[in-house]
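S.K.: generate a structure from the sequence data that follows.
(one chain, ligands or ions: 1)
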Amino acid sequence: MKEYNIAVVGATGAVGTEMLKILEEYDLPIKNLKVIASPRSEGNKITFKNTEYEIESIQKGTFENIDIALFSIGSGNSKKFVPQAVYEGALVIDNSNAYRMDDEVPLVVPEINPEAVKDHSGIIANPNCSTIQMVIALNPLKKNFKINKVLVSTYQAVSGTGLKAIEELKNQAKAYLDGNEIKSEVYPHQIAFNAIPLIDKINDNGYTEEELKLNRETKKIFDDQEINVTATAVRIPVVYGHSESIHVEIENEVDLEEIEYFLSNDENIKLIDNPEEDQYPTPIMSEDNDKILVGRVRKDLHNDNALEMWVVGNNIRKGAALNAVQIADYMIKSNLI
Ligand SMILES: NC(=O)c1ccc[n+]([C@@H]2O[C@H](COP(=O)([O-])OP(=O)(O)OC[C@H]3O[C@@H](n4cnc5c(N)ncnc54)[C@H](OP(=O)(O)O)[C@@H]3O)[C@@H](O)[C@H]2O)c1
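M.R.: Take a look at the predicted model:
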């Protein structure tokens, strides 16, 4: 079987660390592994499959023998280094926002549009974490009905901002409980015991980039310009697992039994929906479950064509690292690389 040289770029970060774990779990046919981070981490060691690897920083020629480079180093750094990786011959799967909406860059959720990978010109983009879990939950509905409108409010974990944000939440929670001064460096406000209704940059139209990503990425993944998503994205003091309250308007009248049938028969979804027995998804449940968890499914009180649901997903795994590895796995198994 053919083996591949793989680089994990951002190997010390929240996503990169999980990426290495998933590469072990998935057992991709890896010939050589390169672990790459910033010059700050150069020379440090990372253990992968019981072997120690020395962390490298990006130099001229870093990607010359690399078949697949999995990038998780933020948009600015991706804009700087992805062109080099492509020039040096690597196929890049990028976790940042840098290339997602470029026409020649496929935006892929393997459960939904795997065939889109064929149109790549060296870069495949991983969608935003909140988009991935939403489109997986919408997919069984999209396959069976025309979706007219989606309203979503997100409740996003701090791990979505990276390792420094996890530290900030933990430090603030401790300071709060100890009665000490609370310092905020990653977020503009205290995140412990609080909620921040602004993620990413604010635009002139009053929406944040994070909210607009949910709209434009959904259209691209479903290849449907008519599906309109209006979002409010909120950061909450949870470490792992994004939650979303989703209102979906479809062309037909909602038959709840039918909706539940489609959701429960989708292999990428776990329906946990028995609220009388306190059974519904919570973010902690996503820590050891790679499916998208759906619950609280109900018909809208005032609109026969609409339903509400609560959707939880692991933002670091399916929302980032796992999706990227699944793209690589698909490319390999389909002999596309
Ligand atoms: N966290 C999520 O839920 C999530 C979900 C979807 C997408 N993403 C995307 O994934 C990317 C990384 O996020 P993260 O949460 O893992 O961030 P993070 O925890 O802050 O990690 C950032 C990583 O980038 C590396 N890095 C920084 N500057 C670099 C440079 N000049 N050259 C090489 N490596 C460099 C860091 O290395 P050092 O340790 O040496 O500084 C670290 O490994 C971002 O684009 C983010 O938008 C994250």
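S.K.: what ranges does the stretch 101-250 of the chain have for its strands?
M.R.: Listed in chain order, the strands of the stretch 101-250 of the chain (DSSP state E, counting those that start in this stretch) span 123-125, 147-156, 228-235, 242-250.
S.K.: where does this protein have its least confident helix or strand?
M.R.: helix 14-26 (a mean of 94; mean pLDDT, DSSP states H and E).
S.K.: for the helix or strand just after it, packing partners?
M.R.: Later in the chain than helix 14-26, the nearest helix or strand by DSSP states H and E is strand 30-36. Applying 3 or more CB pairs under 8 Å, 6 or more residues apart in numbering; DSSP states H and E, one finds that strand 30-36 contacts strand 4-9, helix 14-26, strand 45-48, strand 51-54. The C-beta positions use only the backbone N, C-alpha and C, and glycine is treated the same way.
S.K.: which of the strands of the stretch 101-250 of the chain sits most buried?
M.R.: Of all those, strand 123-125 has the most neighbours on average by mean count of other CB atoms under 10 Å, namely a mean of 25.
S.K.: tell me what that one is packed against?
M.R.: The helices and strands touching strand 123-125, judged by 3+ CB pairs under 8 Å, 6+ apart, are strand 91-94.
S.K.: make it 10 Å
M.R.: strand 68-71, helix 75-87, strand 91-94, helix 322-333 (3 or more CB pairs under 10 Å, 6 or more residues apart in numbering; DSSP states H and E).
S.K.: residues from the stretch 101-250 of the chain in reach of the ligand?
M.R.: Residues of the stretch 101-250 of the chain found near the ligand (CB under 6 Å from any ligand atom) are 129, 159-160, 162-164.
S.K.: mind running it again at 5 Å?
M.R.: 129, 160, 162-163 (CB under 5 Å from any ligand atom).
S.K.: as TSV, these with neighbour count would be great.
M.R.: Shown next, in TSV, are those (neighbours: other CB atoms under 10 Å):
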residue	neighbour count
Cys129	27
Gly160	26
Gly162	17
Leu163	16
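S.K.: if we can go back for a sec, can I get the strands of the stretch 101-250 of the chain in TSV with mean pLDDT?
M.R.: Shown next, in TSV, are those (pLDDT from 0 to 100):
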stretch	mean pLDDT
strand 123-125	98
strand 147-156	98
strand 228-235	98
strand 242-250	98
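S.K.: got a list of what the residue of the chain found nearest the ligand touches?
M.R.: Distances between the chain and the ligand by CB to the nearest ligand atom are smallest at Gly13, namely 2.2 Å. By CB atoms under 10 Å, 6 or more residues apart in numbering, the contact list for Gly13 reads 19, 37-38, 41, 72-74, 95, 162-164, 316, 320-321.
S.K.: let's see it at 7 Å
M.R.: Listed by CB atoms under 7 Å, 6 or more residues apart in numbering, the contact set of Gly13 reads 72, 162-163.
S.K.: over to Ile272?
M.R.: If you count contacts by CB under 7 Å, 6+ apart, Ile272 has them with 279-281, 293, 295.
S.K.: show the buried residues in the residues you listed.
M.R.: 280-281, 293, 295 (16 or more other CB atoms under 10 Å).
S.K.: pick out the most distant pair among these.
M.R.: Tyr280 and Leu293 (8.6 Å; CB to CB).
S.K.: so how far is stretch 1-14 from its chain's centroid?
M.R.: Here stretch 1-14 shows a centroid-to-chain-centroid distance of 18 Å under the convention CA atoms, centre = their mean, to the nearest Å.
S.K.: any idea how far Asn314 is from the residue nearest to Glu18 when sequence neighbours are not counted?
M.R.: Of all residues not flanking Glu18 in the chain, Ala321 sits nearest, at 4.1 Å (CB to CB, 6 or more residues apart in numbering). Distance of Ala321 to Asn314, given as CB to CB, to the nearest Å: 9 Å.
S.K.: try Pro283
M.R.: For Pro283, the distance to Asn314 equals 9 Å [CB to CB].
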